[in-house]
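> give me a 3D structure for the following:
(one chain, ligands or ions: 2)
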Amino acid sequence: MDVLVIGTGGREHALVRALAADPGIDAVHAAPGNPGTAELATLHEVDPMDGVAVARLASELDVGLVVIGPEAPLVAGVADAVRAVGVPCFGPSAEAARLEGSKAFAKDVMTAAAVPTAEARVCTSHDEVEAALDAFGPPYVVKDDGLAGGKGVVVTDDRQVASDHARACDRVVIEEYLDGPEVSLFAICGWSEADGTTVHPLQPAQDFKRIHDGDQGPNTGGMGAYTPLTWAPDDLVDEVTRTVLRPTVDELARRGTPFAGLLYAGLALTSRGVRVVEFNVRFGDPETQPLLALLDSPLSPLLLGAATGTLTDVPPPTWKPGAAVAVVMASKGYPETSSHGDVIVGTDTLTHDTAVHVIHAGTALTDGHLVTAGGRVLAVTAVGTDVADARAKAYDGVARISFPGAQWRRDIAAGR
Ligand code: AMP
Ligand code: GLY
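Ligands and ions are numbered 1, 2, ... in the order given. The predicted model follows:
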């Protein structure tokens, strides 16, 4: 079977890498792709937001599966457009993707399904905002209702900053502050008329969202990640599957909009128990980099099973022993802006390293030079015997790569 992966980021490079190594896959196509995926896949030009164009490309290539990487095309219904021409597609429908596309919708589903999450108010006027800020008190959590690339959320003790952010959004969700460590738990979900919902959780991972060490500075898309979480409770996956993942997908099925694809539960392990911080409807970036580096069973049966309503026949994923760590290198100015065209050196020194690999995100090839072309430029991903070993290998890799203005956190997976 041939497969087509839609998207340009690190997540898509990690997916392409796993699929290229999958015995069930003959050829990998990627669109639009990046210089990293170009080494493993045939690249094609396409606008990922244009469902008709993506569906046409999938038909022309005669692929057996399309994998939509990012949230924006999913929310825009690109998976529906691909399925409409009869090509299996991994990724939820536009209706089900509202779990990520609207924070207010996600809250509504969670309330209906009794899923534990922060108490929240949806506000559309200044008075409602101020009343909600008064009610919850500091630290204030103010979220833009729509998609914002991981940057729509402000968590602050400063009332003025909270009010100003709310004022800059049309519709905001203001919610209770959740303390405790964050965990990303992903699940491959499928649905069929005959079998109902099937949920195959992956191993938990942790992401580092703030730009600076010690969780300082503004939120980013994610500056690094690792798996497994040796400190997490043993029953975490079972508990979250029972109290969060299943009730959510069952509620969507009950509404007549079943979820098939990857459900990403962003969780806080608070002093009062597990709470959902957010849902995403696609693989997380950069968590996917370490997760797929440790996945032992092939990826394609899970993706195809979810895409075709046969996930119940696919065994749950299995994992290699040890741990994996990804450290993101970002360009100058990120997350407010990004710097393009800075020459990146050193990635070639890792090409033959079996423990460390470079996942490309915001890179481009200009006149034969690898250059920066986005905020998060690349993720150095390493596998080791435990988190400390993988972490040391990832930072050795980072030390071999340089570009002007490079920023990376020094504390990814530290002390784990
Ligand atoms: P979100 O886009 O909803 O995942 O929010 C981005 C980040 O903001 C999360 O990963 C958390 O670090 C932080 N955050 C979001 N909601 C809350 C909350 N209710 N309490 C504390 N931190 C939060
Ligand atoms: N790593 C956070 C995200 O993918 O949204």
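> rest of the way, CA atoms for contacts and neighbours
Will do.
> low-scoring stretches of the stretch 301-416 of the chain, by residue?
Nowhere does the stretch 301-416 of the chain drop to pLDDT under 70.
> tell me where it has strands.
323-330, 340-343, 356-360, 363-366, 369-373, 376-384 (DSSP state E, counting those that start in this stretch).
> other SSEs contacting the third one?
The criterion is 3 or more CA pairs under 8 Å, 6 or more residues apart in numbering; DSSP states H and E, and the helices and strands that strand 356-360 contacts are helix 10-20, strand 376-384, helix 387-399.
> what about that strand, distance to the chain center?
17 Å (CA atoms, centre = their mean, to the nearest Å).
> give me the sheet partners of that strand and which way each runs.
Strand 356-360 has its sheet partners listed here by DSSP bridges as strand 376-384 (antiparallel).
> so which of the strands of the stretch 301-416 of the chain is nearest Arg416?
Across those, the minimum distance to Arg416, taken as CA to CA, is reached by strand 323-330, at 10.7 Å.
> ok, that closest one near ligand 2 or not?
No. Using CA under 6 Å from any ligand atom, strand 323-330 stays clear of ligand 2, coming no nearer than 11.0 Å.
> how far is that strand from where the chain is centred?
Distance, centroid of strand 323-330 to centroid of chain: 14 Å (CA atoms, centre = their mean).
> stretch 352-363 too?
18 Å.
> ditto for stretch 30-47
Distance, centroid of stretch 30-47 to centroid of chain: 19 Å (CA atoms, centre = their mean).
> endpoints of it, how far apart?
End-to-end distance for stretch 30-47, by CA to CA, to the nearest Å: 12 Å.
> please apply the same query to stretch 233-246.
End residues of stretch 233-246 are separated by 19 Å (CA to CA).
> hang on, the earlier thing: and the helices and strands packed on strand 356-360, which is most packed in?
strand 376-384 (a mean of 28; mean count of other CA atoms under 10 Å).
> tilt between that one and strand 369-373?
110 degrees (axes from the mean of the first three to the mean of the last three CA atoms, to 10 degrees).
> pLDDT weak spots in the protein?
For the chain (pLDDT under 70), the answer is 149-151.
> ok, back up a step: for the strands of the stretch 301-416 of the chain, state which one has the densest average packing.
When the strands of the stretch 301-416 of the chain are compared using mean count of other CA under 10 Å, strand 323-330 is most buried, at a mean of 31.
> what helix or strand is the residue of the stretch 251-400 of the chain found nearest ligand 1 on?
Closest contact between the stretch 251-400 of the chain and ligand 1, by CA to the nearest ligand atom, is at Glu278 (4.6 Å). For Glu278, the element it lies in under DSSP states H and E is strand 273-280.
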